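> Sequence isn't available, so here's the structure alone:
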Ligand SMILES: Nc1ncnc2c1ncn2[C@@H]1O[C@H](COP(=O)(O)OP(=O)(O)OP(=O)(O)O)[C@@H](O)[C@H]1O
Ligand SMILES: Nc1ncnc2c1ncn2[C@@H]1O[C@H](COP(=O)(O)OP(=O)(O)O)[C@@H](O)[C@H]1O
Ligand code: SF4
Ligand code: SF4
Ligand SMILES: [Mg+2]
Ligand SMILES: [Mg+2]
C-alpha cells in the first residue's frame, strides 16, 4: 500500500461545542490506483484529506487518534518541517477552487517555477522552462506566451489545469484531488478528468478523488469509499458497488440521482437530513434516515464488516449488510 | 392544504393528451401542442460595455441573450440547459420582468406583455413567478418564514385578505412539506433543502400559472436534491403549473422536462421533446454536451464515445460570425463562418420526419446517438 489511513479521528473545538468531523476513517490507495471518496457535504471528506496532507487548521482542528502510513512510515508524529518536504514532492493536492488556491499577484509561470527553485534548487531560467513544459503538458495553448499571465487571465478550466500542473510538477507518488471539477461545466469537466486520468496512468500515481458526483466516480474510480458522518460506511471495487450496494446509505444515494440514460419516474429520496456533527446519533449514525433500521441500530455502532459473500475486498458498516446486498 | 388555484380566469386545461408529443406541426417547429401560455420571440438582452469614468463611452456590448425563441404550453415543463454564462439566468429574469429586454417580444396567453407597466404589469406578474438558485442568499435573513412567504400578499392584497394570510402561509408550508408551526422561524434555522422549499412556497403564494425556476436544486446535496425535485414534480401536477426549468445538470433536466432547449452563447441551438434531444440529438453542441455527462454506471465506461470539445466558450462580447459554435465545432466548414444557421427543422430530416425532425440550428445536422 502506498497510503494506509488507519482509524483516523479529527475533532474541531468551536464556540458551540466539539464537532466530531472524522470518526475512525480507514482507507488505502495503491500506486496507480484511483480511490474515490464519496459523500455529501460535511461528511468529512476534505478534513480527512487535510489530515493526510498535514494542512489541517490546528486549532480549531485536532487529530485525536489514528495513523497515516505513507510509504511505510506514519506521518502524524513528524515535525512540520519534515511534513513540508513530503508535501509537494511526494504528495500533492488539487483543490476545488483553483482561483483562491493560486496566488493572484504572481504569474502562473512564477508559481509553477517556484516548485523547482524551492524543492529542486533549480535556477530561475531552468524553472521557467520547466513551467512552460508543464503548461504544455496540461494543454494550455500558447504556453510560452501565457506563462507570464496571472491566474485571473485564465478560464476556470485552464486554472484547474494549471493546478494539476502544479500538483504534478515534482512527480509525487500520491495526488489528492478534492472536488477538482465541481465548479466546472460538464464539457470542461470532461477535459479536466480525461487529462487527470491520463497523467495518472502515465506517472502511475495513486489518486484519491474526492467527490459527491456518482457519475464521475463511475467513470474513473477503481475503488470507492463512501463516507457518512465522518466514517467509511462502505468500501468496495467500483463495479461491485454500482451493481449491488451493501449499505442502505449507498443504495439511497444511487437511487436518488436522476439518470441521463433513463427517463425515470419518481426519485427515491433519502428522508431527513445529514446529522449534526456535534450530536451524532448513537448506534449507527444513519439510523434516523435508514429505511431498514431496527432496535439494534439505535444502540450498537456497526463496525466495518467484511462482506464475506464477495470475491473482492469489500466492507460495509451495516449490521444488515447481507439483506441490503440482496434486496 | 391550499386548494389548487381557483380556475375562474383559466381556460381549458391541457391534460396528458394535451402534452406535446412532437415539436413539429407547430408553425415555427419550436412550440408545444396547443395554445402556448408563454411565448418568446426574438428575445435579446445586450448589456453595454463602457469605459471611462467621467466620460462614459460605450466600447461594445455583452450579448448575454441574442435572439431566443420558444413557447411554453399550459402545464408543460420546458427545460433550458447550457454552460455557465450562456444566458439562461438572463432569459429567466426577462420572463419575470426583472430585466428589460433590449429587443423581442414576450407573450402571455397571446398578449404582448414585454413593455407593460403599472397595473397591467402587476396583474400579469402575479401569474409568472420565479424560484431562485441560491437558497442561502435569496431569502431575507431578517424576515420570518411567515413574512417571506406572505410578502407577495402585500403586493397583491386581493389574493388573500389580511385576516386570512397566516392560514394561507401555513397551508403553503404544508404543501411544500414543512411544518406549519415553523412560520415564526428565520431562514438560518433551516437547511438548504428546507430553504429551497420556502422559496418554492413563496413562488406558489399567488397561485401563478407559470414558474420560472433558475437552478433550483444546484446548490443542494444529492439526497436533498431528490426531495426537492420530487416536490416540484408533485406540485406541477397538483397545481397544473407550467415550468421553465433552468439547470446545467442534463440528467435532472431530462427527469423533469417535457421539452428541452439547449443554449449556447445567448441562443437556443436545439429544442425538442426529451426523446428528441436526448436520444436523437442532431446539433453537434448538444451531442458534445450529452457525451460529456458522466453516467453513474461503471459498465458504460467502455462502450461510450466521448466528444471532448477543445477550447473555451468565446466571450459574449465577441460572438463568432456565422454559426456561433464554429470555433469549437469539429464539423465546421467554410459555410459555417458565413451563414448563420437558423433554428428550424433541418432540411435533411424534413421529408422523412421521425424523432430527428426537430429544431436544430446547424447547417450540417446529423443524428448521432451519444447517450448509452
Ligand atoms: N448586469 C450585467 N452586466 C453585464 N453583463 C452581464 C450582466 N448580467 C449577465 N451578464 C453576462 O451575460 C452573460 C449571460 O449571463 P447569465 O447569468 O444569463 O448566464 P447563465 O447561463 O445563467 O450562467 P450560469 O450557468 O453561470 O448561471 C454572461 O456572460 C454574463 O457575464
Ligand atoms: N476549520 C474548521 N473549523 C471548524 N469546523 C470545521 C473546519 N473545517 C471543517 N469543519 C467541519 O468538519 C466537518 C467536515 O467537513 P469537510 O471534511 O470539509 O466535509 P466535506 O465532506 O464536505 O469535505 C463539517 O461539519 C465542517 O463544518
Ligand atoms: S446498521 Fe441499521 S441503521 Fe445502520 S445502515 Fe444498517 S440497517 Fe440502517
Ligand atoms: S453550422 Fe457548422 S459550425 Fe455550426 S454546429 Fe453546424 S457544422 Fe458546426
Ligand atoms: Mg469538501
Ligand atoms: Mg445562471
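Cool, got the structure. Nothing here was measured: the structure is a model prediction, and the numbers come from that model. Residues are numbered from 1 along each chain as shown, chains lettered A, B, ... in the order given. Ligands and ions are numbered 1, 2, ... in the order given.

> CA atoms for contacts and neighbours, from now on please.
Will do.

> Which secondary structure element of chain A has the lowest mean pLDDT?
Lowest on mean pLDDT, DSSP states H and E among the helices and strands of chain A sits helix A:98-101, with a mean of 78.

> Three-state assignment for the residue of chain B most remote from its centre, please.
Counting by C-alpha atoms, centre = their mean, the extreme residue of chain B relative to its mean C-alpha position is residue B:54, 38.9 Å from that point. Using DSSP: H, G, I helix; E, B strand; the rest coil, the three-state assignment for residue B:54 comes out as coil.

> what pLDDT does residue 295 get?
In the absence of a named chain, this looks at chain A. With respect to pLDDT, residue A:295 scores 97.

> Actually, chain B is the one I wanted.
Among the per-residue scores, residue B:295 shows a pLDDT of 85.

> Now the terminal residues of stretch B:212-227, how far apart.
The stretch stretch B:212-227 measures 19 Å between its terminal residues, going by C-alpha to C-alpha, to the nearest Å.

> Check the gap between whichever residue of the stretch 201-327 of chain A sits closest to ligand 1 and chain B for me.
Here the stretch 201-327 of chain A gets closest to ligand 1 at one residue, residue A:213, 17.9 Å apart by C-alpha to the nearest ligand atom. Taken as C-alpha to the nearest C-alpha, to the nearest Å, the spacing of residue A:213 relative to chain B amounts to 8 Å.

> give me the beta-bridge partners of the closest residue to that residue other than its chain neighbours?
Among residues not flanking residue A:213 along the chain, residue A:38 sits closest, at 7.5 Å (C-alpha to C-alpha, 6 or more residues apart in numbering or on different chains). Beta bridges link residue A:38 to residue A:211, residue A:226, judged by DSSP bridges.

> quick one: what helix or strand has residue 277 in it?
Unless you meant another one, I'm taking chain A. Using DSSP states H and E, residue A:277 is not contained in any helix or strand.

> um, chain B though
helix B:274-279.

> For that helix, name the packing helices and strands.
For helix B:274-279, the elements it packs on are strand B:259-264, judged by 3 or more C-alpha pairs under 8 Å, 6 or more residues apart in numbering or on different chains; DSSP states H and E.

> so the nearest residue to residue A:28 once chain neighbours are set aside bridges to which residues?
Computed as C-alpha to C-alpha, 6+ apart, the closest residue to residue A:28 that is not its neighbour in sequence is residue A:4, at 4.4 Å. When assigned by DSSP bridges, residue A:4 has beta-bridge partners residue A:28, residue A:69.

> same thing with the one 5 residues further on?
Beta-bridge partners for residue A:9, by DSSP bridges, are residue A:23, residue A:65.

> Next one: it, what pLDDT does it get?
97.

> Repeat that for residue B:73.
On pLDDT, residue B:73 comes in at 94.

> measure the closest residue in space to it that isn't next to it in sequence to residue B:107 for me?
By the measure of C-alpha to C-alpha, 6+ apart, the closest residue to residue B:73 outside its immediate chain neighbours is residue B:36, 4.2 Å from it. Separation of residue B:36 from residue B:107 (C-alpha to C-alpha) stands at 9 Å.

> likewise residue B:250?
In this structure, residue B:250 and residue B:107 are separated by 27 Å, where distance is defined by C-alpha to C-alpha.

> out of those two, which sits in the busier spot?
residue B:250 (22 against 17; other C-alpha atoms under 10 Å in any protein chain shown).

> That one contacts residue B:290, doesn't it?
Yes - at 7.4 Å, residue B:250 and residue B:290 qualify as touching, with contact defined as C-alpha atoms under 8 Å.

> rewinding a little: got the contact list for the residue nearest to residue B:73?
B:71, B:72, B:73, B:74, B:109, B:110 (C-alpha atoms under 8 Å, 6 or more residues apart in numbering or on different chains).

> Checking the first one next. Helix, strand or coil?
What it means is residue B:71. State at residue B:71, reduced to three classes by three-state DSSP: strand.

> Quick check: phi and psi at the residue of the stretch 101-250 of chain A at minimum distance from chain B.
Of the stretch 101-250 of chain A, the residue with the smallest distance to chain B, taken as C-alpha to the nearest C-alpha, is residue A:215 at 4.0 Å. In terms of degrees, to the nearest 10, the main-chain angles of residue A:215 are phi -70, psi -50.
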